[in-house]
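**Student:** Turn this into a model:
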Amino acid sequence: MREGLQLSVLKAGTEGEIDTTFASLDQLQAGGLVVQADPFFITRRGQLVALALRYAVPAIYELRGFAAVGGLISYGPDNDALARQAGVYAGRILKGARAAIRRRSCLLEPWSRHATTRSSNNCRLDSPSAS
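**Tutor:** Numbering: from 1, shown residues only. Below you'll find the model as predicted:
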């Protein structure tokens, strides 16, 4: 981390706590927000995105569903590609391939594909030095 930057971890487990947390971002002078993929947050993604827009806090989300409903950007695993690859592996096994993981002959390859999704809204992030 650069000198002078502070990381604050904020927690919310209810809709009211989400509202309170966003209200506290102004007091913390938060320059951005990272939202993890939590089942509770996923079901409240519309609320999270709306509050980030209302409070003008740039936010990055782990799942592309947040960007799909207007969130600024998401970066995380490409779940559609993972599901397709699981189907490929299942097909190989059903056709008789051995489901063994060995160093030289491996049915399952390491998976490290991630996807970055920008919201379809017109957005721009300016660096602090641009002003």
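**Student:** Tell me which stretches of this protein form strands.
**Tutor:** Taking DSSP state E as the criterion, the chain contains strands spanning 33-35, 59-61, 73-77, 114-118.
**Student:** Neighbours of Ala37, how many?
**Tutor:** Residues contacting Ala37 under the criterion other CB atoms under 10 Å number 16. Backbone N, C-alpha and C define where each C-beta goes, glycine included.
**Student:** Arg64 is in contact with that one, correct?
**Tutor:** No - between Ala37 and Arg64 there is no contact under CB atoms under 8 Å: 10.2 Å.
**Student:** what residues are shared contacts of those two?
**Tutor:** Residues touching both Ala37 and Arg64 by CB atoms under 8 Å, 6 or more residues apart in numbering: Gly76.
**Student:** Now the lengthiest helix in the chain - C-alpha only, PDB.
**Tutor:** Scanning the chain for the helix with the most residues, using DSSP state H, yields helix 79-94. What follows is helix 79-94, C-alpha atoms only, in PDB (Å, rounded to 0.1, in the frame of the first residue of the first chain):
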ATOM      1  CA  ASN A  79     -18.600 -18.500 -14.000                       C
ATOM      2  CA  ASP A  80     -20.100 -19.100 -17.400                       C
ATOM      3  CA  ALA A  81     -16.700 -20.400 -18.700                       C
ATOM      4  CA  LEU A  82     -16.300 -22.400 -15.500                       C
ATOM      5  CA  ALA A  83     -19.600 -24.100 -16.100                       C
ATOM      6  CA  ARG A  84     -18.800 -24.800 -19.700                       C
ATOM      7  CA  GLN A  85     -15.400 -26.300 -18.700                       C
ATOM      8  CA  ALA A  86     -17.200 -28.500 -16.100                       C
ATOM      9  CA  GLY A  87     -19.400 -29.800 -18.900                       C
ATOM     10  CA  VAL A  88     -16.300 -30.600 -21.000                       C
ATOM     11  CA  TYR A  89     -14.800 -32.500 -18.200                       C
ATOM     12  CA  ALA A  90     -18.000 -34.400 -17.500                       C
ATOM     13  CA  GLY A  91     -18.200 -35.300 -21.200                       C
ATOM     14  CA  ARG A  92     -14.700 -36.700 -21.200                       C
ATOM     15  CA  ILE A  93     -15.400 -38.800 -18.100                       C
ATOM     16  CA  LEU A  94     -18.700 -40.100 -19.600                       C
END
